[in-house]
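*Asks:* I'd like to go over a predicted model; first the sequence, then the structure.
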Amino acid sequence: MTPLLDIENLELAVRGDPVVHGVSACVQAGEITAVVGESGSGKTLTALAAIGLLPPAIEMTGGDIRIEGESCTGFTSSQWRAMRGRRVAMVFQEPMTALDPVFTVDELLREVLALDGITGRTARERSMALLEEVRIPDPARCLRSAPHQLSGGMRQRVVIALALARSPSLLLADEPTTALDALTQEAVLDLFDDLRRSRGLGILLITHDLGLVAHRVQRLVVLHAGRTCESGSARSVLENPRHPYTRGLFSCRLPVDHRQADLARLEDLLADPGAWDPQPSEEGPVRPWWPSEEGQDAASPRLVSVGPDHLLAV
């Protein structure tokens, strides 16, 4: 099947200084691909490149981005505007900044629906259906409300409804649960899971919290310093992480009873010489890549197969 989103060897630079080095990711219909990594690893820039919203100071210097098989590399602003909303949409991290506080939810939804010629009673019916789909309990009241009159979780659901209004096939979600409490985080991620099943949506989920999304995603891409450390099916990567950085991310979580436990330090995990033991691959034993390792090209590690649908940077 042709992927809904295919990012291949993406290279980004800030005024000529490389910040993302050869990142690849793939999203199929009805699947969630999670891009995980610490702050500054290049997750958000990768998503912004995939929807044509890179800041002016950042340029794409290499690679290719294809949406439903169509290459978007070199798209003009007008071409991206025609693409956004109809084929790909984005849910941002902070819903309050994504919603215009001057307008009610009804006015915000009507403005989006009007782009496809949907107005009047049809627009209201469509707005009600969208709010019900994202599990807002009282959609009529929500339509009359301004964003500041809603809770954080309800605002995020409105943002998701706006993203779905033009029926895109691909949804990009940049840390959509960061500003929410734990219970609301779970509810929003459950909603994404249901949407990818019911609509056949492909979802690229940007997150730093691997534990929160582990049992909901089908594919994982692990980034560090703008480079891919490991990628593949979620089951393979979660059950048998091959890169020390990936194992470190798994360990950097407090246990349930953490009163007498220290949070694992990523620096200590990566400093363990045993972390860099050779791993079996289709090419024979290979050592995981790390930018501080002598004799390894820090700018361009290559990915080799270390199992069915499982790639490791070496």
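*Replies:* Cool, got the structure. Residues are numbered from 1 along each chain as shown.
*Asks:* and the lengthiest helix in the chain, how far from the chain's centre?
*Replies:* The longest helix of the chain (DSSP state H) is helix 182-198. How far helix 182-198 lies from its chain's middle: 14 Å, per C-alpha atoms, centre = their mean, to the nearest Å.
*Asks:* what does the very next helix or strand once past it rub up against?
*Replies:* Downstream of helix 182-198, the next assigned helix or strand under DSSP states H and E is strand 202-207. Applying C-beta atoms under 8 Å, 6 or more residues apart in numbering, the contact partners of strand 202-207 are 3-5, 25, 27-36, 43-44, 46-47, 50, 169-177, 192, 195-196, 213, 217. For every residue, glycine as well, the C-beta is placed using N, CA and C.
*Asks:* quick revisit: what's next to the longest helix of the chain, contact-wise?
*Replies:* The contact list for helix 182-198, computed with C-beta under 8 Å, 6+ apart, reads 30-32, 133-135, 152-153, 156-157, 160, 164, 171, 173, 176-177, 180, 201-203, 205, 212-213, 216.
*Asks:* returning to what we had before: which ones among the contacts of strand 202-207 are found in strands?
*Replies:* In this view, these that belong to strands under DSSP state E are 5, 25, 27, 32-36, 170-174.
*Asks:* give me the buried positions along the longest helix of the chain.
*Replies:* Neighbour counts using 16 or more other C-beta atoms under 10 Å place 184-185, 187-189, 191-193, 195-196 of helix 182-198 among the buried residues.
*Asks:* likewise for stretch 128-145?
*Replies:* For stretch 128-145, by 16+ other C-beta under 10 Å, it's 128, 130-131, 133-136, 139, 142-143, 145.
*Asks:* just give the number of residues close to Trp276.
*Replies:* 15 (other C-beta atoms under 10 Å).
*Asks:* what sits against it?
*Replies:* Trp276 sits next to 244, 287-288, 290, 293 when contact means C-beta under 8 Å, 6+ apart.
*Asks:* export those to CSV and append columns for secondary structure and neighbour count.
*Replies:* Listed next are those as CSV, based on DSSP: H, G, I helix; E, B strand; the rest coil; neighbours: other C-beta atoms under 10 Å:
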residue, secondary structure, neighbour count
Pro244, helix, 21
Arg287, coil, 14
Pro288, coil, 24
Trp290, coil, 21
Glu293, coil, 13
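*Asks:* show me where the stretch 51-200 of the chain has its helices.
*Replies:* 77-83, 95-98, 105-113, 120-133, 139-144, 152-164, 182-198 (DSSP state H, counting those that start in this stretch).
*Asks:* separation between the nearest residue to Pro139 once chain neighbours are set aside and Thr122?
*Replies:* Spatial nearest neighbour of Pro139, chain neighbours left out: Leu131 (3.7 Å); criterion: C-beta to C-beta, 6 or more residues apart in numbering. Between Leu131 and Thr122 the distance is 15 Å, computed by C-beta to C-beta, to the nearest Å.
*Asks:* and what of Arg135?
*Replies:* From Arg135 to Thr122 the distance is 22 Å (C-beta to C-beta).
*Asks:* turn the buried residues of helix 182-198 into CSV, columns for pLDDT and distance to Val20.
*Replies:* Formatted as CSV, the buried residues of helix 182-198 follow (pLDDT from 0 to 100; distance: C-beta to C-beta, whole Å):
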residue, pLDDT, distance to Val20
Thr184, 91, 31
Gln185, 91, 27
Ala187, 93, 32
Val188, 93, 27
Leu189, 93, 26
Leu191, 95, 29
Phe192, 96, 24
Asp193, 95, 28
Leu195, 95, 28
Arg196, 96, 26
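*Asks:* what's the closest of those residues to Ile118?
*Replies:* Taking C-beta to C-beta as the measure, Leu195 is the one of the buried residues of helix 182-198 closest to Ile118, at 20.1 Å.
*Asks:* which residues does Asp174 contact?
*Replies:* Residues near Asp174 by C-beta under 8 Å, 6+ apart: 43-44, 47, 90-93, 206.
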